[in-house]
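# the following comprises the amino acid sequence and a computationally predicted model.
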Amino acid sequence: AQSVTQPDIHITVSEGASLELRCNYSYGATPYLFWYVQSPGQGLQLLLKYFSGDTLVQGIKGFEAEFKRSQSSFNLRKPSVHWSDAAEYFCAVGARDSSYKLIFGSGTRLLVRP
Amino acid sequence: DTAVSQTPKYLVTQMGNDKSIKCEQNLGHDTMYWYKQDSKKFLKIMFSYNNKELIINETVPNRFSPKSPDKAHLNLHINSLELGDSAVYFCASSPAGPYEQYFGPGTRLTVT
């Protein structure tokens, strides 16, 4: 069965510091992979996606993620965090069957220290 | 221009009532979804429609009934509301196929 694990419930970083949010997935084939961000009281905004090709993908707001097949991981990174990055981050796997549904991880809440 | 919109944004109601949440997308997408986000922020797919046809129905109680009058709209009707239905419900849309999904702002349902 498909599943997504985000092992960190909360992460706190100082403004200007680098960030890495972890995501591990379980899927029988190469999945479609996504990172979404949810600001308080808001909907989900797509940060970036991986379908195939280059395993390092660039997204909006200076985020990037790297797909590592051998580790079943798709970690999100940002070299310098801004206070406005404080939010909930969700990793998701997209099914490669006809449903194309998204299976979400449990989310990681990012707190940014001034 | 809001791409995926939901109404209402907040819904407070009593147990046993029936309520509906509406969703509209102006992106021209063929596929629409309903997700439920519980109090622990966990997001789970409920339903998916492709061009008005039900594609996914994920072990959701029969009290929940989606309706898609056209491919730009997907409404969610809930009968006999229970306390456990309290959650944030998100509508999303995407082109048909393995594409990213665009989410609405959510509807926070509180059942008292």
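On my side now, so go ahead. Please read all numbers here as calculations on a predicted model, not as lab measurements. Numbering: from 1, shown residues only, chains lettered A, B, ... in the order given.

# any weak-confidence spans in chain B?
Within chain B, the ranges that satisfy pLDDT under 70 run B:1-2.

# least trustworthy helix or strand in chain A by mean pLDDT?
strand A:102-104 (a mean of 91; mean pLDDT, DSSP states H and E).

# how about the strands in chain B?
B:4-7, B:10-13, B:19-25, B:31-37, B:43-50, B:53-57, B:64-70, B:73-78, B:87-94, B:102-103, B:107-111 (DSSP state E).

# before we move on, back to that, neighbouring strands of the following helix or strand past the least confident helix or strand of chain A in the sheet, and parallel or not?
Downstream of strand A:102-104, the next assigned helix or strand under DSSP states H and E is strand A:108-113. Pairing partners of strand A:108-113, with direction, according to DSSP bridges: strand A:10-14 (parallel), strand A:87-94 (antiparallel).

# with mean neighbour count added, can I get those in CSV?
C-beta: built from backbone N, CA, C; applies to glycine. Shown next, in CSV, are the strands paired with strand A:108-113 (neighbours: other CB atoms under 10 Å in any protein chain shown):
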stretch, mean neighbour count
strand A:10-14, 13
strand A:87-94, 23
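
# reformat the ones you listed as CSV; add mean pLDDT.
Formatted as CSV, the strands paired with strand A:108-113 follow (pLDDT from 0 to 100):
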stretch, mean pLDDT
strand A:10-14, 97
strand A:87-94, 95
